[in-house]
Structures are given as structure tokens and as C-alpha cells.
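1. show me the folded form of this:
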Amino acid sequence: MELEKNSELGSSMARIRNSTGHSMTSLQKISLAITGTMEKFFYRWGFIVATYPYRFIIGCLCCTALCGLGLLNFTLENRPDKLWIPRDSSFAYNTEWLRDNFPSPVRQSHVIITADNVLDPGIMKMLLEIHENVKNISVSDNKRWEDICFRLPITKFDLERRRRRRRSPTNSSRHEYDAFFGSAFEGFDEFDSDFFTSDASTNKEEDGKGFDPMLSLPEDIYCSIIDNLDDACWEINPLELWSYNRTKIENLTQDEIIKVFNTRLISPIFGRVVNYTADLGGKIERNSLGQIIKAESIALKWFVAINQSEVRAGRAVPDMGTGEVADETGLAWETEFIYLMDRITKKMPDGINLYFATGRSFGDISQGLIFDDGLMLVAGFFIMFVYVSTMLGKFNLVEQRPYLSIAGISCVALSVVISYGVGSACFLVYGPVNKILPFLLLGIGVDDMFVIMQCWNNLFPDCLTKPSKLSIPERMGMALKHAGVSITITSLTDIAAFGVGASTILPGLQSFCIYAAIGILAVFLLQTTFFVGWFAIDQKRVEERRNAYFCCIKYRDDEFIPSKFSQRSYAQIFFDEFFSKYLFTPVAKTIVITITLGCLATTIYGNTKLRQEFDPIWFLPEDSHLSQFLEKREVKYPGIGFPGFVVAHQVNWTASFPQMEQFMHDFQESTNVYQFENWYEDFKEYSNKNLGTKIPEKYLAPSKFKRNMGKFLYSPAGSKHRAYFKVAGNFSCGDKLPPVQMVLMPFRFKYFHGPEEHIPGMHAVKALVKNANLTFNENTDGNMFAWSTGFVTWESDELITAELYRSVALSLACVLITIFFLLANLRMCLLCGVCVIFTIINVGGFMFFWGLTINMVSCIDIVLAIGLCVDYASHIGLAFMTCSGSRNSRAKQALRNIGPAVLNGGFSTFISISLLARSQSLAFISFYKIFTIVVGFGLFHGLIFLPVILSILGPDPYPNAFNSSTEYHFDEKGKTVEMQAITNRSIKLEKRSPDDNSINGESLPVHDPLIFDAAIA
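-> Presented below is the predicted three-dimensional model:
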């Protein structure tokens, strides 16, 4: 190397020319200063750690234990509204507000039974068995279904007593009372003896609309009747039409069943008109009369009351799946319900299937996955141990490294503890996607270990046959000096990618990125400390010729001589003698470029077809009872869209009737709304017809509104709306309506087919509500909004594409800027960027071909892909820049020096996530598929495409790139270690002053190759 002094900068900053005559640029000088500083640091760090390994090992364990204390604040979060939409979104705010102000009074449990035809006597008997088994469920304090169910009033009257009272002329009010209930039950008197003597749907009087006892009876008598009505458990089951009478049900014929389901009847349990055809699903067949004669499914429901006294006393517990409050008794009942249905499902005869779900299903399954994931993680660590121990050591009893492999994999386990502990201490929630993190760290974490080991093997390949004159700390410092820069680059790029991802507005994605960034930083620090410490200890064992498994066994020099077979690295042989030999032929280059461009064109097409879709249920196993239930409900009841509410808070109703008239009309006419419970229309008809008002044409005074609404909400026409009104104070029959605080107006969306329909539909409904322009009460925070459980998924779908593009762009920019400053070469930075961009395009295209969509999981995976692809490319790029010679020879040398470590790192990443292929969770399967694509194309572009392009368009080497020239490095003791080229395998030691960094007055650059091969003379 030719040195010439730069008089302007002085001896501390000499101008240097390499053997090719190229001068160093300012950027290269900065890069050399940075990397030189890092190399000095890592040499000293490796030297110190190898000198005092036990101290550093104990220190790492203590730091991990300290960080692990943060797990005391560990918070598991499964609620979709807390994970997949922005914290400041209106939906998140409205959801929390509803939880606080209008908590649901009931929790539901569902069952769907499918068969070739559910209108069959055998199915009816099965429904009866299910009903009786559910009724007999017993939980804490021997409470059964009758004790915890949500109860509805029974409006049925004793018919015989009604007949006797009707014949009595002495009490007109009693006669009117009987007339009301008689009109509701005409045609039902002979229900027991002749079930079908009258069709309850043919007479308007039978609907209860022809007569209103609230207006016809004295108020005190009517309210006394209402207050003393019996109640019954709310269960939606067609067997109520037979009063759950076993004798009748066991003797039913199919014709009788078909006739009941096609006749509008009044329930003998509740006294209300019922029609169970809405609960039939699947393929439905009708006869020539339009009657349903065959259906493939039937739906059942049970409603459990939430103990409001427990809620008010603060003893309610949150459901981990939905976030809704519940009482312990109700949750215990749901647990027993799940056990019962699981047993019944297993005993179903062929051709008949049962699917079920409860309010606690989502939370239970999510928590249960932690145990399943733990078992899968243990298996993953074991497989990784086998692979790492195979690749780190050599096949003999001394140079095999099982305990060092355990130490390296332990770094991953410790980094998981640190990540979870620090994240929990910072109040970060742990969502379903975070379960992927241990597998991710397992794949990425061992890469650093392979690079360190590769550098050691390149520097000191034959420690037993050719003992080194350098101490273990000195050699460890030299190995870490070269490996440290490389693993720092890759770790920084990964941290940068996740750091940018943490800027997302989606809490679940943000939490994962922060946890991942902490974990990658932790595994980097542990590999350079904990692993290096154990490496030094294990190397001492090797050089003392102790058995790899039983360290107490020590071999004499003549007793153990490693075979030539065990000294060969077959991965290195592959790269040296085959891969690098044939890859750079003209034919091979042409084939590589053609394949790359062909894949690029194909996957660009796939990207244009890629759909955007997300559902939090994907985090659940496909074989879980909840996933199966939801899938079957979607198939058998496809017309049912998501339910929702229009929430009106602190509205001045009397001043808003004109606007309400227009809003109700527009909302009901909306093509996005399937069904709407319109209390306003019912009240307007009731009040105008019976109470002499003219709504909305004539203003209704607030006092009259309260009086009329008090009557309406306890009338047959309005009682169904009463549960949706929240008022200030108590409200009972005969009272004026207290000030209305909030009203819920239930509706149901039509069924949407994907984001292209449900996103515009959601916005259309929100716009209708926003433009209602109702008048709110003065000095209140009145508002009106639409809310639906479907909004979680729909708002996520709307945001995820923009978040994906933003995260990818920022991550790519950050990692390329990092590489630019560390590699100090614009062309190399751009070529690495091309590899990354090509890989991302390939990933997107193959996502389409593999049936995947753009969602939260794929967004995380693609951000990960950027960091991972940059790792593969930057290793090769840095090795190429540190070699001199022709482009072809430099590309070959780069592959030989670092290729095995890159291949091992990529393959280990694949191994770490391979077990996810067996997962029943669609989210985890998506992670496996995407990461498989990332690793495959990342390795292809890093180990095949990039070397080929570098052999054609590669930039000039660094000014101090190694060839036959001599390089000088200084150790801690002031010794100058002179290293010659690979072909000249020797290391010479010369005593110099530690402060003297010059030869003949010329300053020496501190940068040297990432990896070089040398042996000890």
C-alpha cells in the first residue's frame, strides 16, 4: 500500500491511496473513523470479556433478572378496539364511553346445529336434551340456569280464569283487563288439544295492536298488573312452542314440525308472537305453498344476566376477550356451558354437527394459546439447539460444542425475558401478535452467533493441530473486532426498522415493534457478552482437550488427535469449490438475472391483485370452537350483517323531532342498513293516534313529551324500546319519563363482501348520523354517533394499507441511511436497496399466490423483511468492499468469507419459524408463509443476485482493502499484529509503542476487512 502524507490535514488525517490508485473520499474517511473506532472498541470488549468471563456471565444474569421484574406489570390485552385502531380514534373513545355509561345487561351463549334437515323429530329431541342439560348446569353456591338467566316478563294470562271473569258482569275493569289479554291469546285457548285451530297471524287483534290497556284501563290497575307479571328465563329455542314438554316433543311428527315453523304463533312461555323461521339457515327448501320444508341449520341462544349489584359494588370482573364487565358466577356458568357443549359435540351422530360460542370464548382461547405456544417454543429451541450445535462445533469428542450452543440459545431466552420485562415496566400491552416475538428472536438472535463463530474459524481454524501463541482473550478480541462491526450493522438496521414501525398509530403494531426492538438490542448485547464469555470458557476446554459432554474427562495430546473428516467445514467447501466457482460464469450470470427479472415481473402482477382484509379472529386456532362457530355462522347465515347502535346522548327530543323525522327516513332507506329498530316512528304513531298530538308538525311541550313517553314505554307498542333508554333516576309504570340521558337505536348492517363494500358502508352510515343535526341539551356534552362491533375490523382495514406503505418507506429509508454511513459507498448502498426492494415486491406477489392478504400480521412481517433482507445483502456488500482485485475475484472472495455464515443465519431463521406451519391460527400460519418467502428471496438476492451484480457493476474497494499488502493492528499490550493476505497464512508480532500508530511518519488507517483468513505461524 502506498502512503503519502496530506500536509493540509497533518499526520492525523493522511491522504491514502490503495493499490489501484484511488483516493479516499471524505465519506470514506468518516466511515473509516467510525468503523475503526468500533473495531477498537470490540477488540477491547472481546479481550476484557474473555479475560473475566464469569463476571460478565453473572452480570448478564443479574441484569436479566432485574429487567424481568417488569413482568410484575405484565398486561395481556385481547380486546380488538385496544389493539387494532388508533387510541385517539372516535370509535375507541365511543367504545370506552359506552362501556362506562351503558354496559350490557346480558351476555349471550350461542349454538348452531347443522344437519341434512333440522326440521326433523330426531333433531327436536336433541334440542330438548340440550335444553335440559343446560338447565341443569350448576356453578358456585349451587346456582343453576334459573338463578342466573336474564328474565323477561310473561304476558300470558290464565285462560280459564279469564273465561270466568269475562262471564262476570260485576267488574268492568276486570272485563277490560281480560279483553286485552284475551285478544292476545285468541286462537291459543285450544293450544294443548288442537295446536293449529287458528293462525295467529291472520287477525290484527291477535298482534296486540287493536287494543291498548295502558289507555283503556285505569292506570293503577294496569301498572299493578305490569308490576306483578311473572317472568321466565330468556332462551331462544323453538321447543318453547311446545312448552318444553317432553311427552309432546317425543311424539312429534315431521308434518307437525313443519306446520309449527310456518305458522306465526304466540309463545306459551312468554305470551308474545314468535316466528322461528329466522333462526333457520343454510340451504332452505320450500313447497308449492311457500312453506319451509327443509333447512340445514337452526340457531339457539341463551341470555345470562350480569349481576348489576356486583357491578355497582365494584366486584365485577372484566372479560379478557371482549373487555365487557361480567360477574364471577356468570363467567363460571359460561365455562361449564363450554365443557357441556364440548362433550355433546363429541357425541353427535354422523351427519349432525354442533357449533357453539359464549361471551368468554375469545378470551379463554387466547389465554390458552399461551400454553400451546410455550410448548411449540420449547420444541423450537430444541430443534435450534440441534442445528446450532451441529454448525458451531466439529464432529469429534472435543471440538463439538453442545454447552456453547446452549449458551448461545440461552441468549435468545434471556432477551425474551428482557424484552417482556422492560416492555411491561413501560406499561406496554401484550397483544396476540406478540406471541410471534420469541420465534423471531430465536431466528435473528443466532445469526450474530454464527458470524462471531465464522470470524473465529477464519482467523484460527486449527487450534488443536496448530496451537496459537496468542492468548484466548487476544484471539477473542481479534474475532470480535471483525464480527462486531458486521453484527452491529445488522442489529442497527433491524432496530431502525422496528423503531420506525413503533411510530405507527395502531397500538397492537406499535407494541410489537417496541418489544421487538428491545429484544433485538438485548440479544445483540447478550451475544457480545454472555455468549462471548461462554465461548472463552469453552475454548479453554477445547484447548485443554476435555470431552465436549463430560468436561471431567481430559485427553492427552497423543490420546486424542482430531480426524481430518472432523476438521472440514462442508458449508465452506460448498462455497469454496462449487458455488463461487460456477456462479460467476457468463451462463450462470445470465440465468440468475433472467430468473430475478422473471420473478420480479410475476410478483408485480401478484401485487396488483393483493387484497386488504383483516379479522382479529384470525389469531385464534382454526380448530377452536369459536372459529368453527363463526365460520359456520357465516356460511349458514350469510345475509346477517354486523349489529350496531345509533347512540344519542343528551338530545333535546322535543326540539329535534323535525330533524329526527328526516334522519329516520334517510336511515331506514339507506342501502347499507338491513334492519332498524325505530322507536321514534312507533312513538309518533302511538302518540298521534291515542294522545292527540301531531308529531312532527306541531311542537310537543317537554312536559307532555315526558308524560306521553312514560305511557308509551310501558305500553305493548313501546315496551320493547324501554331497555334502550337510560334516564336520570328511577322510572316505573305510571311515572312520567325522567330526563333522558341516552337512547340506543339498534340496527343491523346488510352483509358486506369485503373492504370494498364495508368501508364505504361504514362511512355512509356515519355520515347519516353526523348530518342528523339534532338539538342537544344546553350545558351538556351531547353527541350522536353510530357504533358497531364490525367497526374494529373495518377501521383497521381502512388504515392498514396507508400504515403499511408508510412503515415500509420509513423503514427502508432508515436502514439504507444506516448502511450508507457504515459502508460509505453510495453505489453499494443502492445495490443493497435494490435487493431489499426486489424482495419486498416478491413477498407481496407471493402473498397473493399463497392466498394471503394485507393485514396487521403481514404489515409486521414486511417491516421485518426489510431488516432481514438488509442483513443478508449488507454482509455480502461489506465483504465485497474489503477485498481488492477484479470484481469477479472480489465477489468470489466475499462469498467464501461470509457466505456460510449468511446461509446459516437464513436457514436458522427458517428453522425457528418452521414449527408455526403446524399452528391452527391463521395469523401464525400467515407469519410462517410470509417469513418463508422473505428468507427464501432474501437469501437468493443476498447470496446469488447481489454477488452476480457486484461482479458486473460492483464499486471500487476501500482504499485499505486487503490483498498482498500488509495490515497492522494493535492489541491491548501495545503489540502490533501484522496480518498478510489469505494466501500467505502467517501472523507476525512486533513490539511497538501503543501510542505509535505510524510507519515512517505516515498515519495508518484503522479500518480492515470484515473477515480475513489467517493461521498462526
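2. let me see the contact set for Asp797.
-> Residues near Asp797 by CB atoms under 8 Å, 6 or more residues apart in numbering: 612-614, 755, 758-759. In short, each C-beta sits where N, CA and C put it, glycine included.
3. now render these as TSV, adding distance to Ser419.
-> Output for the contacts of Asp797, formatted as TSV (distance: CB to CB, whole Å):
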residue	distance to Ser419
Gln612	30
Glu613	30
Phe614	25
Pro755	33
His758	36
Ile759	35
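4. buried subset of those?
-> Neighbour counting with 16 or more other CB atoms under 10 Å marks 612-614, 755, 758-759 as buried within these.
5. out of the contacts of Asp797, which is nearest to Ala717?
-> His758 (33.7 Å; CB to CB).
6. secondary structure element for that closest one?
-> helix 755-770 (DSSP states H and E).
7. which parts of that helix are buried?
-> Result for helix 755-770 [16+ other CB under 10 Å]: buried residues 755, 758-759, 761-762, 765-766, 768-769.
8. reformat these as CSV; add pLDDT and distance to Phe880.
-> Converted to CSV, those look like this (pLDDT from 0 to 100; distance: CB to CB, whole Å):
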residue, pLDDT, distance to Phe880
Pro755, 85, 44
His758, 89, 50
Ile759, 90, 47
Gly761, 92, 54
Met762, 93, 52
Val765, 94, 58
Lys766, 93, 55
Leu768, 93, 61
Val769, 93, 61
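9. check the offset of the helix holding His758 from the chain's centre.
-> 25 Å (CA atoms, centre = their mean, to the nearest Å).
10. partners of the next helix or strand after that helix, with directions?
-> Next along the chain after helix 755-770, taking DSSP H and E as the criterion, comes strand 783-788. Using DSSP bridges, the strands paired with strand 783-788 in its sheet are strand 643-649 (antiparallel).
11. residue ranges with poor pLDDT in the protein?
-> 1-25, 28, 31, 155-212, 310-325, 367-374, 464-465, 561-570, 959-1017 (pLDDT under 70).
12. for the stretch 701-850 of the chain, which segments count as strands?
-> Assigned strands in the stretch 701-850 of the chain, in chain order: 725-727, 740-749, 783-788 (criterion: DSSP state E, counting those that start in this stretch).
13. the second one - contacts with which helices or strands?
-> Spelled out, that is strand 740-749. The contact analysis (3 or more CB pairs under 8 Å, 6 or more residues apart in numbering; DSSP states H and E) places strand 740-749 against strand 643-649, strand 673-676, strand 725-727, helix 755-770.
14. residues contacting it, please?
-> With CB under 8 Å, 6+ apart, strand 740-749 has contacts from 101-102, 640-651, 653, 667, 672-679, 724-728, 758, 761, 765, 788, 790.
15. what lines up beside that strand in the sheet?
-> strand 643-649 (antiparallel), strand 673-676 (antiparallel), strand 725-727 (antiparallel).
16. pull that strand out as PDB, backbone CA atoms only.
-> Presented in PDB, the C-alpha positions along strand 740-749 are these (Å, rounded to 0.1, in the frame of the first residue of the first chain):
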ATOM      1  CA  VAL A 740     -83.400  11.100  29.100                       C
ATOM      2  CA  GLN A 741     -79.700  10.800  29.200                       C
ATOM      3  CA  MET A 742     -79.100   8.400  26.400                       C
ATOM      4  CA  VAL A 743     -81.000   6.400  23.800                       C
ATOM      5  CA  LEU A 744     -79.700   3.400  21.800                       C
ATOM      6  CA  MET A 745     -81.300   2.700  18.500                       C
ATOM      7  CA  PRO A 746     -80.400  -0.800  17.400                       C
ATOM      8  CA  PHE A 747     -79.800  -1.600  13.700                       C
ATOM      9  CA  ARG A 748     -78.100  -4.200  11.600                       C
ATOM     10  CA  PHE A 749     -75.900  -3.700   8.600                       C
END
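17. which parts of the helix or strand harbouring Val948 are buried?
-> For Val948, the host element (DSSP H and E) is helix 946-953. For helix 946-953, the neighbour count (16+ other CB under 10 Å) marks 946-951 as buried.
18. dump those residues into JSON lines; add distance to Arg55 as well.
-> Shown next, in JSON lines, are these (distance: CB to CB, whole Å):
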{"residue": "Leu946", "distance to Arg55": "41"}
{"residue": "Pro947", "distance to Arg55": "42"}
{"residue": "Val948", "distance to Arg55": "47"}
{"residue": "Ile949", "distance to Arg55": "46"}
{"residue": "Leu950", "distance to Arg55": "43"}
{"residue": "Ser951", "distance to Arg55": "47"}
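19. for the residues you listed, which one is nearest Glu798?
-> Leu946 (37.3 Å).
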